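Undergrad: A predicted structure for the sequence below; I have some questions about it.
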2 protein chains.
Amino acid sequence: MNRKEKVTIYDISKKLDISAATVSRALNQNPKISKKTRELVAKTAKEMNYKQNRLAQALKSGRTNNVGVIVPYINRSFFSSVIRGIEEELNPHGYHVIICQSHEEVKNEIKQLNALLNTQIDGIFMSVSKTTQNTDHVKKALAENTPLIFFDRKIETPGVSSVVLDDFKAGFMATEHLIQEGCKKIAHLSGDINLEIYKNRYEGYIAALEKYGLNHNPEHVILTNSKIESGQQAVVRLWECEEKPDAIFSAGDYAALGAIQELKRRNIKIPEEVCVVGFSNEPFTKYMELPITSMDQTPQLMGKIAAQVFLEQVKENLAVSIEKKVVLSPELFVRESSGRSILKTAANKALL
Amino acid sequence: MNRKEKVTIYDISKKLDISAATVSRALNQNPKISKKTRELVAKTAKEMNYKQNRLAQALKSGRTNNVGVIVPYINRSFFSSVIRGIEEELNPHGYHVIICQSHEEVKNEIKQLNALLNTQIDGIFMSVSKTTQNTDHVKKALAENTPLIFFDRKIETPGVSSVVLDDFKAGFMATEHLIQEGCKKIAHLSGDINLEIYKNRYEGYIAALEKYGLNHNPEHVILTNSKIESGQQAVVRLWECEEKPDAIFSAGDYAALGAIQELKRRNIKIPEEVCVVGFSNEPFTKYMELPITSMDQTPQLMGKIAAQVFLEQVKENLAVSIEKKVVLSPELFVRESSGRSILKTAANKALL
């Protein structure tokens, strides 16, 4: 980048042949400086493209009242809702929330974290990317005594608090619901098992199958990402299996949507022949003509609690070695994509 | 907030009875300081919960390599896509993008802008809130010579560049499309006319009606917000009119979705009886069982161009009085909610 040197108050003082202290006072509207001089300094500063340094204040107080949030994506309802929760809890305390996205790349995450630390942020909330394998970058924040709180996606780090969903329970609940709807061959569209959240959802799924004595067919577990296409492809692969599933529990709503699209294309009836459950309760799941059953992760509550953990830390001026682990309970929203009983009730009503 | 005074290097120097300069050098790993002293200082700093001041570096260089983006909401696909465009253009130049949301409240917008200016941001991209009436807060950024660029929603401000959509053309195109599909009584779900973008869409709608000699029924223009419910309520009100519409052009996709839900509830056939066009090309518009025709605002391109305007300004180290106005062309994605011709083609195929 071809950029000129920054103009300082020393350049202005040189140009006007007055002291730097006078320039500084004039720029700060100190009444000890004559109005004429103040105007001259202001005019010269503008001409020279001088940029007043607002960081000085923050430096003095050591606080910016800014907190940073790093998420994989801002355009997922889950993450934007957590951020909303953080804002609602922190804004009344005078904090501003600054958001960065990693796009699931650890190298972006590291850069964003450093960028936030460079702005002298008062605290950091973070949900790690899919490609984050360790927390060396996080330790930098800890070394500077900047409180850091993980939410949803965490990596075990001594001294770091976290607020997460009980994803094992969520996986168990979703699968149990499908079993109770009468399904016996339940497929799972899993997320990247490197991330604890997806590993836990998968393990909850397995635990529910075992509890009800159902067979676990490894061919029925397909790795997907959070794209619609991967849900479509998963159905293509599942229907190549000798044993076709009668239900799909997807670890994400977008993959669930893709699965539904492909099932419809094959004229497979949902929920009569195949039940589908998604995960995250993205708003679109309830807009659909066939509304999708989905697991709500109580994101706003997650954000609020993460913010409360932060406030507790700064209030007590605690060292960041205080660890608090909060685990939230999921809530299943049963809709037509898996709610055979809903359908029956509607049919009964129609018969009356 | 009950917070203790910040620990400074002077406190550490006092405690260890060494000079502040030595503490500073030790903390910066200066090899002139013995390893033993460096370790002692590091240990003491940690015990006293000292927070190293990273802003000092930024102060020296006068640059943070951070740019800020202020949007009404992060959870609208349009805004998150613009941000993606800004990131894609600026990341290769070493800039980090920091995001804030105003939630359509000018008082939040002012706070966020000040918070960003306090972090010594290198530039600001902004789409104003619905409640922003003037640009006094923006002038503050200009006074500090921080480049500021409006995108999508702007307020005319001398010396400020902007990248916007040709919303008049978009309103005209959407309405003309409905006329070409054979509609004659076209209702408009408008957004808040205080915002230029919605005023322009409305005026484009009126211009198209006039061009084709169609009657403009003021009862058929309903003010909506970006919520689904307001689209539902709009249909309720429209169907109370003596003359029922045969088409709806909505200035937003969420209101269009609400309108479609209410039309279906009334067993009104789409697109046979009523055609519906939305605005923004939110991803859900194409997921629906009845995919919704919508106007694409080329958000990633908008972000990229806004970023290019910024880069031009900082490269030349120009004063912010340079003004650049970029107007982008919209693109209509015709889908089943209004594409009677699509339907016919599909029906013909079925007959073959």
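TA: Looks like it came in fine.

Undergrad: where exactly do the strands run in chain A?
TA: A:66-71, A:96-101, A:123-126, A:148-151, A:161-165, A:186-190, A:221-223, A:247-250, A:275-279, A:293-296, A:325-328, A:331-333 (DSSP state E).

Undergrad: where in the stretch 51-200 of chain A is pLDDT low?
TA: Applying pLDDT under 70 to the stretch 51-200 of chain A flags the ranges A:51-63.

Undergrad: and the residue of the stretch 201-350 of chain A found nearest chain B, backbone torsions?
TA: Per C-beta to the nearest C-beta, residue A:289 is where the stretch 201-350 of chain A lies closest to chain B, at 4.1 Å. For glycine as for every other residue, the C-beta is placed from the backbone atoms N, C-alpha and C. Dihedral angles of residue A:289 (phi, psi; degrees, to the nearest 10) stand at phi -60, psi -40.

Undergrad: give me the neighbour count for the residue nearest to it when sequence neighbours are not counted.
TA: Nearest residue to residue A:289, sequence neighbours excluded (C-beta to C-beta, 6 or more residues apart in numbering or on different chains): residue B:289, at 4.1 Å. By other C-beta atoms under 10 Å in any protein chain shown, the residues close to residue B:289 number 11.

Undergrad: same thing with the one 10 residues further on?
TA: Counted with other C-beta under 10 Å, the neighbours of residue B:299 add up to 24.

Undergrad: could you measure from the spatially most central residue of chain A over to residue B:71?
TA: Nearest to the geometric centre of chain A sits residue A:79, at 3.5 Å (C-alpha atoms, centre = their mean). According to C-beta to C-beta, to the nearest Å, residue A:79 stands 15 Å off from residue B:71.

Undergrad: and if you look at residue A:100?
TA: Separation of residue A:100 from residue B:71 (C-beta to C-beta) stands at 14 Å.

Undergrad: looking at these two, which is more packed in?
TA: Between residue A:100 and residue B:71, residue B:71 has the larger neighbour count (other C-beta under 10 Å), namely 29 against 24.

Undergrad: number of nearby residues for the closest residue to residue A:82 other than its chain neighbours?
TA: In this structure, residue A:82 finds its nearest non-sequential neighbour in residue A:303, 4.0 Å apart by C-beta to C-beta, 6+ apart. Neighbours of residue A:303 under the rule other C-beta under 10 Å: 28.

Undergrad: these two touch, right, residue A:303 and residue A:85?
TA: Yes - using C-beta atoms under 8 Å, residue A:303 and residue A:85 qualify as a contacting pair, with a distance of 2.3 Å.

Undergrad: can you give me the distance of residue A:197 to residue A:170?
TA: Looking at residue A:197 against residue A:170, where the rule is C-beta to C-beta, the gap reads 9 Å.

Undergrad: swap in residue A:341?
TA: Residue A:341 is 21 Å from residue A:170, by C-beta to C-beta.

Undergrad: same thing with residue A:292?
TA: Distance from residue A:292 to residue A:170, by C-beta to C-beta: 15 Å.

Undergrad: kindly report the same for residue A:331.
TA: Residue A:331 is 9 Å from residue A:170, by C-beta to C-beta.

Undergrad: quick one: common contacting residues for the two?
TA: Common neighbours of residue A:331 and residue A:170, using C-beta atoms under 8 Å, 6 or more residues apart in numbering or on different chains, are residue A:295.

Undergrad: which of those two has more neighbours?
TA: A direct count of neighbours by other C-beta under 10 Å for residue A:331 and residue A:170 places residue A:170 higher, at 25 against 13.

Undergrad: residue contacts, the residue nearest to the more buried one when sequence neighbours are not counted?
TA: In this structure, residue A:170 finds its nearest non-sequential neighbour in residue A:330, 3.8 Å apart by C-beta to C-beta, 6+ apart. Applying C-beta under 8 Å, 6+ apart to residue A:330 gives the contacts A:165-167, A:169-170, A:173, A:295-298.

Undergrad: just give me the closest of those residues to residue A:233.
TA: Closest to residue A:233 out of the contacts of residue A:330 is residue A:295 (22.1 Å), distances taken as C-beta to C-beta.

Undergrad: count the residues that sit near the nearest residue to that closest one once chain neighbours are set aside.
TA: Nearest residue to residue A:295, sequence neighbours excluded (C-beta to C-beta, 6+ apart): residue A:279, at 4.6 Å. Residues near residue A:279, counting by other C-beta under 10 Å, number 34.

Undergrad: wait, residue A:279 touches residue A:253, no?
TA: Yes - Residue A:279 is in contact with residue A:253 according to C-beta under 8 Å; the separation is 6.2 Å.

Undergrad: what sits in contact with each of the two?
TA: Common contact partners of residue A:279 and residue A:253 (C-beta under 8 Å, 6+ apart): residue A:294.

Undergrad: looking at residue A:39 now. What's its pLDDT?
TA: Residue A:39 is assigned a pLDDT of 85 by the prediction.

Undergrad: what about residue A:213, neighbour count?
TA: 7.

Undergrad: separation between it and residue A:181?
TA: 17 Å.

Undergrad: residue contacts, residue A:68?
TA: Taking C-beta under 8 Å, 6+ apart as the criterion, residue A:68 is in contact with A:97-100, A:112, A:116, A:119, A:121, A:123-125, B:98.

Undergrad: from residue B:96, how far off is it?
TA: Residue A:68 sits 11 Å away from residue B:96, going by C-beta to C-beta.

Undergrad: go on, residue A:300?
TA: From residue A:300 to residue B:96 the distance is 27 Å (C-beta to C-beta).

Undergrad: buried stuff in stretch A:99-112?
TA: A:99-106, A:108-112 (16 or more other C-beta atoms under 10 Å in any protein chain shown).

Undergrad: and stretch A:212-227, by the same measure?
TA: A:214, A:217, A:220-222, A:224-226.

Undergrad: swap in stretch A:165-180?
TA: For stretch A:165-180, burial by neighbour count (16+ other C-beta under 10 Å) applies to A:165-179.
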